[in-house]
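>>> model this:
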Amino acid sequence: MIGIGIRYLMGWSMATNSADREQPEWPPYPDRVFMALAAAYYETYGSDDERQALLWLERQDAPNMRAGYASDRDTVTTYVPVNDESSWQNPERQRPRPKRVPSASDLSRLNSFSDRINKLKESGLGVLPENRSRQPRQFPVVIPNDPTVYLVWPDTPSPQVRHGLESLCGKVIRVGHSASLVQAWVEDSPPEPNLVPTDGVAQCSMRVSGPGRLEHLATQYKNGRRPDRSRWAAYARTQPETPSETSHSVFQDRLLVLRKVDGRRMGLESALQLTGKLRNAVVKRCPEPVPEWVSGHTRDGRPSQEPHLAFLPLPFAGSEHADGHLLGLALAIPNSVSPAEVGRCLNPLLGVNEDGSLRRVRLYDGANFEWLLEMEDRDSPPVALRSETWTRPARRWATITPIVFDRHPKGVDREVQAERMVAETCERIGLPRPLDVVLSQVSLHLGVPHSRQFPAMRRKSGEGRRQHSHAMLTFAEPVVGPITLGAGRYRGYGMCRPVRWDGGDWE
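Residues are numbered from 1 along each chain as shown. Down below sits the predicted model:
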């Protein structure tokens with residue numbers, strides 16, 4: 001294993017995101033770091049060891065990365081003097097002006113301005129910055145909580161390559177804009193990565209180098225052209241591992257979180273509508289034949305008896321001012337599905353575009369609602385849009401959407417029957433039987449609507465509606481979520497969240 005450490009000496013990074021010119025790039029793409037090393041090599045007429053180090057780097061797979069969380073500054077448009085004379089004749093590079101019909105005085109001023117420009121060009125003063133035309137530019141800046149970034153490769157290079165890497169790192173003074181001053185070094189004991197390449201669904205995408213990249217950079221430079229963009233690699237954030245002895249449900253403890261980027265405000269009681277539309281979108285874009293873990297049905301159309309994809313609502317709930325409105329949706333993946341299979345089936349809908357930007361999912365239901373969703377990739381999202389909010393180990397859990405009963409409880413002990421059904425559905429998703437189940441028409445979490453405000457699910461036969469209720473569950477030992485229970489567990493009903501007991505820790 002070997003790593004390269006990069007410390008931003010000013011405490012911030014100035015680099016433009018190639019997918020959105022108004023947004024900063026963070027963390028620095030591995031290909032940007034490679035180009036900074038290549039520039040140091042060519043500008044200093046580097047040694048053969050340095051060349052071998054660059055050739056070794058371009059043959060490696062996408063590196064693991066360790067990068068701090070970052071906050072963006074507001075990007076301000078500035079007008080910068082252009083650097084070439086052709087801009088005098090190129091109206092596309094002039095500062096934009098509002099369109100209007102010129103008056104006689106305007107034409108007079110325009111002629112006077114043209115005369116002045118011609119005189120400046122003839123006298124040579126036109127090359128001065130104050131006399132050149134200007135074009136709009138943005139300089140996006142990001143301020144990380146930790147200004148040090150690590151790129152880590154699992155292979156150990158030869159002594160020659162290592163020596164070349166050390167020499168190159170000592171020559172690198174910037175990564176990105178010339179104002180992004182850095183110190184770089186070779187690191188033998190890098191910290192654990194928090195961004196790793198994935199063949200599953202990407203939370204972000206970065207450009208990485210590949211074989212032939214060094215030769216391409218040299219050729220493009222000699223021909224006076226910018227280098228072509230390198231290939232994209234999908235990355236996902238790592239999560240702390242939960243203790244193996246802790247009980248898990250049949251779902252992976254990492255949710256795929258989608259945040260709402262546009263659409264009207266909708267309450268938690270609309271969960272069934274939204275999760276139904278998201279399921280339809282996933283099935284529609286999934287490659288044929290749609291697997292059972294995605295559709296929830298066998299090849300002959302019968303309901304699957306195996307765990308399959310669950311669609312969950314993510315509301316603003318559980319805090320003092322919570323009102324239950326939805327901030328996004330999430331997908332819970334069965335434990336039995338590999339990351340590669342998840343990526344194959346879900347990337348057509350949730351992956352990244354060719355320019356590296358995240359794809360957006362449109363949910364539409366006539367005049368009722370229209371939502372746009374995209375993968376949550378922010379460093380510090382709202383609490384409801386963090387996977388660990390719904391999956392952290394806890395002993396006590398309470399519903400945010402009511403649990404739908406498998407059958408209709410009857411008789412004088414119908415409440416006992418309902419509690420028993422809830423306990424059984426815990427075992428059905430791989431959890432231990434709870435010590436205690438308390439049913440209620442209201443949730444323990446602030447901001448969650450009364451159970452009567454949630455539309456009832458209908459039986460598949462179409463005859464009658466299923467009963468539902470909020471509940472609180474207590475387990476003997478902490479269990480890991482997500483916990484989604486009952487007949488509506490794949491559609492967002494019966495979703496639970498850990499309970500903070502008496503204002504203390506999660507139990």
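
>>> Which residues are in contact with G343?
Neighbour list for G343: 198-202, 234, 351 [criterion: C-beta atoms under 8 Å, 6 or more residues apart in numbering]. Yep, even glycine has a C-beta here, placed from its N, CA and C like the rest.

>>> do that again at 10 Å, thanks
198-202, 234, 236, 350-351 (C-beta atoms under 10 Å, 6 or more residues apart in numbering).

>>> Quick check: it is in a helix.
Yes. Assigned with DSSP: H, G, I helix; E, B strand; the rest coil, G343 falls within a helix.

>>> From V201, how far off is it?
Using C-beta to C-beta, to the nearest Å, one obtains 6 Å as the distance from G343 to V201.

>>> which residues do these two both contact?
Contacts common to G343 and V201, judged by C-beta under 10 Å, 6+ apart, are 234, 236, 350-351.

>>> List phi and psi for the residue most central in space within the chain.
Central residue of the chain (C-alpha atoms, centre = their mean): D377, 2.3 Å from the mean position. Note on D377: backbone dihedrals following degrees, to the nearest 10 are phi -130, psi 10.

>>> next one: D379
The phi/psi pair for D379 (degrees, to the nearest 10) is phi -70, psi -30.

>>> wait, it sits on L195?
No. Counting by C-beta atoms under 10 Å, D379 does not reach L195; the two are 11.2 Å apart.

>>> Find residues that contact each of these two.
With C-beta under 10 Å, 6+ apart, D379 and L195 have common neighbours 67, 237.

>>> give me every residue that touches C169.
Taking C-beta under 10 Å, 6+ apart, one finds 4-6, 36-37, 40, 53, 182-187 in contact with C169.

>>> where does the stretch 351-500 of the chain have low pLDDT?
460-463 (pLDDT under 70).

>>> how about the helices in the stretch 1-150 of the chain?
Using DSSP state H, counting those that start in this stretch, the helices found in the stretch 1-150 of the chain span residues 30-43, 48-59, 104-123.

>>> Dump the contacts of C169 to TSV, plus neighbour count.
Shown next, in TSV, are the contacts of C169 (neighbours: other C-beta atoms under 10 Å):
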residue	neighbour count
I4	25
G5	19
I6	25
A36	23
L37	24
A40	21
A53	26
V182	23
Q183	15
A184	25
W185	14
V186	20
E187	19
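
>>> ok, back up a step: between D379 and L195, which one's more packed in?
Using other C-beta atoms under 10 Å, the more surrounded residue of D379 and L195 is L195, with 21 against 15.

>>> what bridges to the more buried one?
M65, R237 (DSSP bridges).

>>> okay but it is in contact with S205, surely?
No. Checked against C-beta under 10 Å, the pair L195 and S205 is beyond contact range at 11.0 Å.

>>> Name the SS class of R420, please.
helix.

>>> roughly how far apart are it and D406?
11 Å.

>>> hang on, the earlier thing: out of the contacts of G343, which are inside helices?
Counting by DSSP state H, those place L350 in helices.

>>> Sort out which of the contacts of G343 are buried, if you could.
For the contacts of G343, a burial check counting by 16 or more other C-beta atoms under 10 Å picks out 198, 200-202, 234, 236, 350-351.

>>> Just the closest of those to P30, please.
Nearest to P30 out of the buried ones among the contacts of G343 is A234 (C-beta to C-beta; 12.8 Å).

>>> Leaving out chain neighbours, which residue sits closest to that closest one?
A202 (3.4 Å; C-beta to C-beta, 6 or more residues apart in numbering).

>>> So L446: helix, strand or coil?
Classified using three-state DSSP, L446 is coil.

>>> which residues of the stretch 351-500 of the chain fall in strands?
360-365, 369-375, 394-399, 403-404, 436-440, 468-480, 496-498 (DSSP state E, counting those that start in this stretch).

>>> any low-confidence regions in this protein?
19, 71-114, 116-138, 240-245, 460-463, 501-507.

>>> What are the boundaries of the helices in the stretch 151-300 of the chain?
Taking DSSP H, counting those that start in this stretch, the helices of the stretch 151-300 of the chain run over residues 159-171, 213-222, 271-285, 292-295.

>>> okay, the ones you listed in TSV with distance to E25 next?
Formatted as TSV, these follow (distance: least, C-beta to C-beta, whole Å):
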stretch	distance to E25
helix 159-171	20
helix 213-222	18
helix 271-285	28
helix 292-295	33
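
>>> For S440, which of the ones you listed is the nearest?
Among the helices of the stretch 151-300 of the chain, helix 271-285 comes nearest to S440, with 18.6 Å by C-beta to C-beta.

>>> now the closest one against strand 360-365, angle please.
Orientation check (axes from the mean of the first three to the mean of the last three C-alpha atoms, to 10 degrees): helix 271-285 against strand 360-365 gives 120 degrees.

>>> elements contacting helix 271-285?
If contacts are counted by 3 or more C-beta pairs under 10 Å, 6 or more residues apart in numbering; DSSP states H and E, helix 271-285 sits against helix 292-295, strand 310-315, strand 326-332, helix 339-350, strand 360-365, strand 369-375.

>>> Export only the CA atoms of the first one, formatted as PDB.
In other words, helix 292-295. Taking C-alpha atoms only, helix 292-295 is exported to PDB below (Å, rounded to 0.1, in the frame of the first residue of the first chain):
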ATOM      1  CA  GLU A 292     -37.300 -10.600  -8.400                       C
ATOM      2  CA  TRP A 293     -35.400  -8.500  -5.800                       C
ATOM      3  CA  VAL A 294     -36.400  -5.400  -7.700                       C
ATOM      4  CA  SER A 295     -40.000  -6.100  -8.800                       C
END
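
>>> How much space separates the closest residue to T391 other than its chain neighbours from P147?
Spatial nearest neighbour of T391, chain neighbours left out: G481 (4.0 Å); criterion: C-beta to C-beta, 6+ apart. G481 is 34 Å from P147, where distance means C-beta to C-beta.

>>> of these two, who's got more company?
Using other C-beta under 10 Å as the criterion, G481 and P147 rank with G481 on top: 25 against 18.

>>> Thought L473 was touching that one, still the case?
No. Taking contacts as C-beta under 10 Å, G481 lies outside contact range of L473: 11.4 Å.

>>> Overlap in contacts, those two.
Common neighbours of G481 and L473 (C-beta under 10 Å, 6+ apart) are 397, 431, 496.

>>> Would you list the buried entries among those?
397, 431, 496.

>>> and those as JSON lines, adding distance to P287?
Shown next, in JSON lines, are the buried ones among the shared contacts of G481 and L473 (distance: C-beta to C-beta, whole Å):
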{"residue": "W397", "distance to P287": "35"}
{"residue": "L431", "distance to P287": "32"}
{"residue": "C496", "distance to P287": "32"}
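
>>> follow-up on the earlier one: out of the strands of the stretch 351-500 of the chain, which comes closest to G486?
Taking C-beta to C-beta, strand 403-404 is the member of the strands of the stretch 351-500 of the chain nearest to G486, at 4.0 Å.

>>> How about residues contacting that closest one?
With contacts defined as C-beta under 10 Å, 6+ apart, strand 403-404 is touched by 418, 421-422, 425, 437, 439, 451, 454, 456-457, 465-471, 473, 484-489, 491, 493-496.

>>> Just give me how far that strand sits from the chain centre.
Here the centre of strand 403-404 is set off from its chain's centre by 31 Å, with C-alpha atoms, centre = their mean, to the nearest Å.

>>> now M14: how far from S304?
51 Å.

>>> Who has more neighbours out of these two?
It is M14, of M14 and S304, that has more neighbours when counted by other C-beta under 10 Å, with 21 against 15.

>>> partners of the more buried one in the sheet?
V141.

>>> ok, now how distant is it from V361?
Applying C-beta to C-beta, the value for M14 to V361 is 32 Å.

>>> can you check D413 too?
Distance, D413 to V361, by C-beta to C-beta: 45 Å.

>>> R433 now?
R433 is 37 Å from V361, by C-beta to C-beta.

>>> So which of these two has more stuff around it?
V361 (20 against 13).

>>> ok, so what distance separates the more buried one from N280?
11 Å.
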